[in-house]
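Asker: Got a predicted model here, sequence first, then my questions.
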Protein chains: 2
Amino acid sequence: MTKWVYSFGPEKTEGRGAMKNLLGGKGANLAEMAFLGLPVPPGFTISTEVCTFFYEKGSTYPPDLVAQVDEAIAALNRQTGHVFGDVANPLLVSVRSGARASMPGMMDTVLNLGLNDETVKTLAKTSGDERFAYDSYRRFIQMYSNVVLELDHDAFEEILEALKDKKGLHLDTDLSAADWREIIVDFKAAVQKAIGKPFPQNPRDQLWGAIGAVFGSWMNARAITYRRLNDIPADWGTAVNVQAMVFGNMGDTSATGVAFTRNPSTGENKLYGEFLVNAQGEDVVAGIRTPQNITEEARIAAGSDKPSLETVMPEVFRQFVATTKLLEKHYRDLQDMEFTVERGKLWMLQTRNGKRTARAALRVAVEMASEGLLTKEEAIARIEPATLDQLLHPTIDPSVKRKPFASGLPASPGAACGEIVFTADEAEALQAAGHKVLLVRVETSPEDIHGMHAAEGILTTRGGMTSHAAVVARGMGKPCVAGAGGIRIDYAKQTMQAGGVTLKKGDVITIDGAAGQVLVGAVPMVKPEMTGEFATLMTWADGVRRMRVRANAETPLDARTARGFGAEGIGLCRTEHMFFEGERIVAMREMILSETEEGRRAALAKLLPMQRQDFTDLFEIMTGLPVTIRLLDPPLHEFLPHTDAEIAEVSKGMGVPADRLRARANELHEFNPMLGFRGVRLAVRYPEIAEMQARAIFEGAVEASRKTGAPVIAEVMIPVTFGRPEVDMVKAIIVATAEAVAKETGVKVPYTVGTMIELPRAALQAGEIAKTAEFFSFGTNDLTQTTLGVSRDDAASFLGIYVQKGLLPTDPFVSIDTVGVGEMIKIAVERGRAERPGMKMGICGEHGGDPASISFCESVKLDYVSCSPFRVPIARLAAAQAALGQSGANRTA
Amino acid sequence: MTKWVYSFGPEKTEGRGAMKNLLGGKGANLAEMAFLGLPVPPGFTISTEVCTFFYEKGSTYPPDLVAQVDEAIAALNRQTGHVFGDVANPLLVSVRSGARASMPGMMDTVLNLGLNDETVKTLAKTSGDERFAYDSYRRFIQMYSNVVLELDHDAFEEILEALKDKKGLHLDTDLSAADWREIIVDFKAAVQKAIGKPFPQNPRDQLWGAIGAVFGSWMNARAITYRRLNDIPADWGTAVNVQAMVFGNMGDTSATGVAFTRNPSTGENKLYGEFLVNAQGEDVVAGIRTPQNITEEARIAAGSDKPSLETVMPEVFRQFVATTKLLEKHYRDLQDMEFTVERGKLWMLQTRNGKRTARAALRVAVEMASEGLLTKEEAIARIEPATLDQLLHPTIDPSVKRKPFASGLPASPGAACGEIVFTADEAEALQAAGHKVLLVRVETSPEDIHGMHAAEGILTTRGGMTSHAAVVARGMGKPCVAGAGGIRIDYAKQTMQAGGVTLKKGDVITIDGAAGQVLVGAVPMVKPEMTGEFATLMTWADGVRRMRVRANAETPLDARTARGFGAEGIGLCRTEHMFFEGERIVAMREMILSETEEGRRAALAKLLPMQRQDFTDLFEIMTGLPVTIRLLDPPLHEFLPHTDAEIAEVSKGMGVPADRLRARANELHEFNPMLGFRGVRLAVRYPEIAEMQARAIFEGAVEASRKTGAPVIAEVMIPVTFGRPEVDMVKAIIVATAEAVAKETGVKVPYTVGTMIELPRAALQAGEIAKTAEFFSFGTNDLTQTTLGVSRDDAASFLGIYVQKGLLPTDPFVSIDTVGVGEMIKIAVERGRAERPGMKMGICGEHGGDPASISFCESVKLDYVSCSPFRVPIARLAAAQAALGQSGANRTA
């Protein structure tokens, strides 16, 4: 005989916490608490196997289910001293669904089941509170009609409102027992009318109706959609929990409350919670009465004049404290609990791992590990790496109620506040004058860099997560909201407008780059703190991870920030980013627009000393650590002069007529710049560019090693390759230049030459390429673009729908598309290392800071990940978790 | 003892034609002719192994080489009756290099070797022509100094010019024996001055000097470059040929000439050639004297009054005709021969397979097969498929001397002639009025289609081989020259200008789309003829090929053309091409620019009947053959209105303000349209589009099958997919629509649903996709773009350099990049067929008409190739050759 029903309670508890698959999350948790001997109202769980049976056998139950339920109810009667269905001494129960994971769309809860026209009278008598009894009955009718009989909720609300109008009453609490009785008559009439038969009076019929409704809801449309989106198999099924009712609203010796074993906001190890005397659970959250503190310490700290639980119910308090300690120790995590006191007796209704802020999560994990409650490895695993972002940037005070002016993409995390400016020059000028400014542009371009540096944050109305503004802001660690399409900017009038509200230059706004929101005025913020726990956890993470973590950085500021965050080198120095500012962009444009090698060499000669200084600085800051420098990979169009003024400036600089420049710029225009004249293709056509850069690298390295006395570890990287011949050609230039510089300076710089793998053909040709290249760095942004044929900048119009409809599991620009891009990487790793055993391989690009992608990198045994400086701590933690996941997998294998 | 030297001649011939590796091409051929008993001047070949030895052993010869050469020279002396180095009876020889394949950069020829201050006197005496002897000597000094002593050619020309000036002479032929003697003195003095010693007088020294120069030239820069570019290994080496001199300029019983066994221009099976009495080889081509015909028949046909060889030397003629017959039969191909008659004796100097026109190649191959000289398979293999293009379009008369006005890309083959017009509307109007026009535009866009239809040909000054103009023109089979950047168009003045010449509207020009040339005026053309041989060869090809050949076609005209060329179905109907014209583009724009589903459905409702009619026509024309219809894959930007007038038109059509339209158009603007909102992504976001198209397909199929009484074979193809879920989703729409139409009409149309494989991820996911898709069609244009990360439209700035520098073996948009794109295809074929055995797979896109790519398709066992209608015959032939290559490979395995 199959066991379908599992009882829990003081008499016997047949389930355990580990039986989630069979009993669902809620049922298993209740069983676990009962098994621990905690005061849980007794009850039973109908297993998920009944649900599976129900759907396999045409919505029928196993033949022996009724007998097992009857037996479980008999046990309930014994334990509570009440009798289910008995008029004189009725047992009331709650019925709840409970799948393995909490699942929106499922039937939720029916309370007070067992009440009918007769038992309500008994309840009124035994509780001594007639109003309580009839209110409970009408709630039951309302809830049951809605979730079991599937009647419209509004119909009942209308009846209630009509009575209130008639009597001139406003709040539900104004209604008397007599009023509720009147309403119950109307409710029952409404049910009769809707379903053609009376509201069920027999508690057994009520119970089976509720059980059927739970199972039925497993296949409703919302639940099916949710399962599809979350990859939950339909055959998991749901369980049903039936539990004796307890009441916190039976007078002044009754109470109800919620509590956390530690402060969920700060993580402080102090019991934290609230309760109300003579109240039901929903009253605590409803906010009509002010809840009381649980501990005296908290009451004093809050300056509350309402007595604490510790004072009003000292014995219950003592018992509750002991229970919370036991639960936290048992579950080895911060617990979020619900409890009820019925006439002086404590009942535990729920415990679960509590939600908490990133700050609290960190403190709790580190302290629990220090207390010996967790191992360091477990503490590491407890922190969601992405949440560290909250700790690295200022954030909007969580207590603030937000009324966004407009929304855009959360392009770079952190909050920033400042006066609106619409041009980079103004941003710079006002900042120099001591103002805090926020740069607002339709979109940004390389010429805006100085303004972005000057601004507290950046807001654009066009562009995606990888637009110029977004990428540069993330690199700078500045908050950014990008593509806030609802805002209309009028540069001429110096205003911006959204939803009928107009703001002008100088008005103060606040942006939340993590939420993508724009708020009017100066909104209070919380400053980041690299607390002691943060440092501790990072040290532990560093102890277990296998992969190195480097940063993508070009400027000394970025490099220092990265090193401060624990970066173990630079994994990607995008040299083209070094040419966005001031006179450099002018020289750069001269170089790009030159029609002759002579002209290019003249422009390159101007760039050489600047570039050399760049590298000297970087090598110095990164002393002892490897620095990977990528040769020029400009999206050419980002450098081209667009406006007449810009063209005039370049024209002057080059001594070439504006018309010829315009024509040359037109020649260089590309239809698909992502697939255009980029990367190594530039070096193939104009080898003098690679030569200048190689010279700047090696001369910079010599200079830096002279200053620091330590050797530089230089890794020269060739971008956008698709085959070995290109790498051969450019490596030859690099080697020749290295030799020339060594001869000239007498200093030999140790270096390697490698390549990006960012095109499918490069991945396929990895074996050939590895004959020349000494390392690989996966450029997964471009590899994703080419493997999927999706331009990041243009994906907004369809990619969201793909994720939403489940055509892609996740945004491939956020987490590596493992089956497509991931297979490309696997192929390249295998072929590369087959040719060059132990070949060093890493990932740069945005995925290097994404925990899911870092886990993938661990699985294919990359040597390092490289990400923007502000994501370095996230990557360190994620790499540690990935290493643990790996070794965990090894342990069980 | 290794044999280094191989003699040929009447006494003994040690080599054979098959020994090319050892004797080089020329040496092997001479040996073969000698072996056949033909009158070849005797000589010997120093093998390529000597060359290898020479480079392996520090520029030394094998020790026994001298003895073997001496022995070979002794044999020469015996056979010629002259003695090398003997003053009284000197033997003169020529020295030539000869690698396996003819190779530019190698030392070419030294004639008359053996002459010196003494032997020249004997030659003067024996020839009875002093001038001839001294002219021969000075030529020898000049040639030897240049190629062996490496002295500058100009120094000798200056001496010659100085003497002519002094004597007031103009032509070399004006110089007397005395003049040449004077020049020889100066030549020798110049050599003495340059090399510090006298010009070598000893014939043995001369010979070894020439031999050393041949071997030395194997490693000169030009030869090395050529080998690298053509993948010729350095260790192949070259041979050296030493051969007794014969002279055609020893009086009226001497002569020299060239001949082809058949007419190399028409292929007619008649001996074709020219000769001159008392002349040297170079005189025949120099054009100073008019050559004479070889046969009487040819003389009469040419109306020449100069006697034929048949008349002046009947015995020699008889012998020569027999020799040519023997040679053609022996080599089983049209022979190109050189001969010399020295004092009544015929000498054969060279025979090789003759170059010929496409027309001639076809006729020769077919006739030789009919004569039993070749098998049909050999005849098929003889024709270079690409040359058939010449036979399918009018071409410029090959006898015309061209003076191009400008050059561009050979975007679509064939020649066209017409009046210049600068707008599509004018093109249409003038054509309607009976003019022949040539449409000249900076670039074309969908709105120009009607003008392109009206024009004889298209000329653009911007855009590449796959620009709109090029693609559309090829599809229409219209000649097109694209991207003629040297031309400047002034639309306002209605002129175009290049190289200082200005042409205006109405001026007549001719374009050669196969050569990429623009010519002024009406240049004579040759009309294409689908001759009997063409049809015969195609039938033979169809008999041996395995792959099917389909066409890419949308219009009834294209479809009929394709069927006429033997297409076995449509492999790609690009439905977006159907919306470029007239009111369709307006409705299409309404659809694209609609912000609501309602708006889109309204526009789609306008398109449905047009689209249905399109499909009805196609299905009717292709009765009995499969038609693959690709769902909409618009490069959206090609449809967007750009000018204010266009926006106003769409605005009126949609009843939407121009401002909002402009804003919407801006929203739809894409940075990288190739990687943007295309293909199936449109159907995912706007399923109603796929629904409309599916309805048009099935209703069109029902209509066509009602008209023809034959069932339609419809293949619905989903573009730009990268995973199975998309295919699932769109297939469901197609299937539902098919069922709806079947229900409405009572007719069930047999159909399959497949997908393009044109993104790397689709190739990797082919196994998954094949669970839903019933066929694959490889879109190798896009697959090349994404696998290599190269945009066709932007590749002009670097791809040429890649091919030129050998970084890519060939333009990957012309022939499939086998190691990159090819591996992608292989992966997809394997994974797709592993999931769905025997799955139908083909290729569409430009590569489908490229012979090298077709050969690749055969190797991976695709079922069909699909190409533009005018390339169908090429593809049929190439597919046949590929099939033969395959079985050939099997035979040798």
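Answerer: That came through, no problem. Residues are numbered from 1 along each chain as shown, chains lettered A, B, ... in the order given.
Asker: Pick out the residue nearest the middle of chain A.
Answerer: The centre of chain A sits closest to A:Ala386, judged by Cα atoms, centre = their mean, with a distance of 6.0 Å.
Asker: Quick check: the gap between it and A:Ile874.
Answerer: 6 Å (Cβ to Cβ, to the nearest Å). For every residue, glycine as well, the C-beta is placed using N, CA and C.
Asker: likewise A:Ile300?
Answerer: Separation of A:Ile300 from A:Ile874 (Cβ to Cβ): 39 Å.
Asker: Same question for A:Asp336.
Answerer: Taking Cβ to Cβ, one finds A:Asp336 at 26 Å from A:Ile874.
Asker: do the same with A:Ala190
Answerer: A:Ala190 is 55 Å from A:Ile874, by Cβ to Cβ.
Asker: Same drill for these two, tell me which one is more crowded.
Answerer: Per other Cβ atoms under 10 Å in any protein chain shown, whichever of A:Ala190 and A:Ile874 has more neighbours is A:Ile874, with 26 against 19.
Asker: For that one, give me its contacts.
Answerer: When contacts are counted by Cβ atoms under 8 Å, 6 or more residues apart in numbering or on different chains, A:Ile874 is found next to A:385-386, A:388-389, A:849, A:851, A:867.
Asker: quick one: which of those residues sit in helices?
Answerer: Those of those mapping onto helices are A:389, A:851, per DSSP state H.
Asker: Where neighbours are concerned, which of the contacts of A:Ile874 has the most?
Answerer: Counting by other Cβ under 10 Å, top hit in the contacts of A:Ile874: A:Cys867 with 31 neighbours.
Asker: Just to check, that residue is in contact with A:Arg548?
Answerer: No. Counting by Cβ atoms under 8 Å, A:Cys867 sits too far from A:Arg548 to count as a contact (11.7 Å).
Asker: what touches both of those two?
Answerer: Jointly contacting A:Cys867 and A:Arg548 under the rule Cβ under 8 Å, 6+ apart is no residue at all.
Asker: Look up the closest residue to whatever residue of the stretch 151-300 of chain A ends up closest to chain B, ignoring the ones flanking it.
Answerer: Scanning the stretch 151-300 of chain A for proximity to chain B using Cβ to the nearest Cβ identifies A:Arg228 as nearest, at 11.1 Å. Leaving out its chain neighbours, the residue that sits closest to A:Arg228 by Cβ to Cβ, 6 or more residues apart in numbering or on different chains is A:Gly806, at 6.2 Å.
Asker: From B:Asp108, how far out is the one you found?
Answerer: 71 Å.
Asker: Okay, and the beta partners of A:Val627?
Answerer: Note on A:Val627: beta-bridge partners A:Ile570, A:Ala714, judged by DSSP bridges.
Asker: Could you verify my assumption that it touches A:Val712?
Answerer: Yes. With contact defined as Cβ under 8 Å, A:Val627 reaches A:Val712; the gap is 7.2 Å.
Asker: list residues touching both of these two?
Answerer: Jointly contacting A:Val627 and A:Val712 under the rule Cβ under 8 Å, 6+ apart are A:Phe619.
Asker: For stretch A:573-582, give the mean pLDDT please.
Answerer: Mean pLDDT, stretch A:573-582: 83.
Asker: Give me the distance from that stretch to the chain's centre.
Answerer: On the basis of Cα atoms, centre = their mean, to the nearest Å, stretch A:573-582 sits 31 Å off its chain's mean C-alpha point.
Asker: In chain A, what helix or strand scores lowest on average pLDDT?
Answerer: Of the helices and strands making up chain A, the lowest-confidence element is helix A:281-286, at a mean of 65, by mean pLDDT, DSSP states H and E.
Asker: strand partners of the next helix or strand after it, parallel vs antiparallel please.
Answerer: Per DSSP states H and E, the first helix or strand lying C-terminal to helix A:281-286 is strand A:292-293. Strand A:292-293 pairs in its sheet with strand A:272-277 (antiparallel), by DSSP bridges.
Asker: Just the residues contacting the partner strand, thanks.
Answerer: If you take Cβ under 8 Å, 6+ apart as the criterion, strand A:272-277 is touched by A:248, A:252, A:254-264, A:283-284, A:289, A:291-294, A:298, A:309, A:312, A:337, A:339.
Asker: What's the ChimeraX line that selects buried ones from those?
Answerer: The ChimeraX selection below is limited to those of the contacts of strand A:272-277 classed as buried (16 or more other Cβ atoms under 10 Å in any protein chain shown):
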select /A:248,254,255,256,257,258,259,260,261,262,263,264,283,284,291,292,293,294,298,309,312,337,339
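Asker: how about A:Val790, secondary structure?
Answerer: coil (DSSP: H, G, I helix; E, B strand; the rest coil).
Asker: repeat for A:Val242
Answerer: At A:Val242 the chain is in strand, as set by three-state DSSP.
Asker: quick one: secondary structure of A:Ala470?
Answerer: A:Ala470 ends up helix, using three-state DSSP.
Asker: since we're on it, how many residues are nearby?
Answerer: 26.
Asker: What separation is there between it and chain B?
Answerer: According to Cβ to the nearest Cβ, to the nearest Å, A:Ala470 stands 14 Å off from chain B.
Asker: so what's that residue closest to, chain neighbours aside?
Answerer: Spatial nearest neighbour of A:Ala470, excluding adjacent residues (Cβ to Cβ, 6+ apart): A:Ala411 at 3.7 Å.
Asker: cool, A:Pro90 as well?
Answerer: A:Thr119 (3.9 Å).
Asker: A:Val93 is in contact with that neighbour, correct?
Answerer: No. Judged on Cβ under 8 Å, A:Thr119 makes no contact with A:Val93 at a distance of 11.8 Å.
Asker: out of the two, which sits in the busier spot?
Answerer: A:Val93 (28 against 24).
Asker: wait, the more buried one sits on A:Ala210?
Answerer: No. A:Val93 is not in contact with A:Ala210 according to Cβ under 8 Å; the separation is 9.0 Å.
Asker: Spit out the residues that contact the two alike.
Answerer: Shared contacts of A:Val93 and A:Ala210, defined by Cβ under 8 Å, 6+ apart, are found at A:Leu113.
Asker: Tell me who's in contact with the residue nearest to A:Pro90.
Answerer: Residues in contact with A:Thr119 (Cβ under 8 Å, 6+ apart) are A:87, A:90, A:92, A:203.
Asker: can you check A:Ala101 too?
Answerer: By Cβ under 8 Å, 6+ apart, A:Ala101 lies in contact with A:25, A:230, A:232.
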